[in-house]
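1. make a model of this:
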Amino acid sequence: MHPFDLRQMILEKHAQHVVLIHFPIALFIAGVALDCAAQWTKRQALGFAAYTNLLLAAVMALPAVVTGLVAWQWALEGHRVRGILRLHMVFGLASTAVICVVWWIHFRARRRVGGILPNYRLSLEFVGVALLAITGHLGGFLSGVNM
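-> Alright, predicted model coming up:
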């Protein structure tokens, strides 16, 4: 086993998901932090940076979900989902939904004149961060990192 074996990196049964999942997690958390900073300082540049991070998080969440489903089909041969894997899938899909909804809220606000974001979005963003943390924790158990 070599850490830079390209064939192993591409053909490993769950490697793509494990690599891709870090992008939406980091982008969403950074987007939430930037949105909080923008709300606090009233700086539009921070708001734009938050929007960009949230957009990229939503875009990158889709291949992460697809590769997760492919890993389930490939590694487990489509066996019935139960236990930690079921929880990981439920929280992962919920996280993806929240990421996309948060981006949609920001997108709609940017299209409106004035571009005022609703205050409830911050609560939704914190729920999204919590869901991502739980999903990642469960994924760590599945990958053997948390054992």
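2. G31 touches N53, doesn't it?
-> Yes. Under the criterion of CB atoms under 8 Å, G31 lies in contact with N53, with a separation of 3.3 Å. (C-beta placed from N, C-alpha, C; glycine too.)
3. more neighbours, these two?
-> Set side by side, G31 and N53 show more neighbours around G31, with 28 against 22, by other CB atoms under 10 Å.
4. pLDDT score assigned to the more buried one?
-> pLDDT, the model's per-residue confidence, is 98 for G31.
5. can you spell out which helices and strands pack onto the longest helix seen in the chain?
-> Across the chain, the helix with the greatest residue count (assigned by DSSP state H) is helix 44-75. In this structure, helix 44-75 packs against helix 15-20, helix 22-41, helix 83-111, with contacts taken as 3 or more CB pairs under 8 Å, 6 or more residues apart in numbering; DSSP states H and E.
6. average model confidence for that helix?
-> What helix 44-75 shows for mean pLDDT is 92.
7. okay, buried residues for that helix please.
-> Buried residues in helix 44-75, defined by neighbour count with 16 or more other CB atoms under 10 Å: 46-47, 49-51, 53-54, 56-58, 60-61, 63-65, 67-68, 71-72.
8. just stretch 104-123 next, same as before
-> Counting neighbours by 16+ other CB under 10 Å, one finds that the buried residues in stretch 104-123 are I105, H106, A109, L117, R121.
9. ok, and what's touching that stretch?
-> Contacts of stretch 104-123 with the rest of the structure, by CB atoms under 8 Å, 6 or more residues apart in numbering, involve D35, C36, Q39, G47, A50, Y51, L54, L55, V102, L124.
10. what's the burial count for the spatially closest residue to V18 that is not a sequence neighbour?
-> Residue nearest to V18 in three dimensions, not counting chain neighbours: S143, with 6.2 Å by CB to CB, 6 or more residues apart in numbering. The burial metric for S143, expressed as a neighbour count using other CB under 10 Å, is 12.
11. tell me the spacing between S143 and N119.
-> When distances are taken as CB to CB, to the nearest Å, S143 and N119 turn out to be 37 Å apart.
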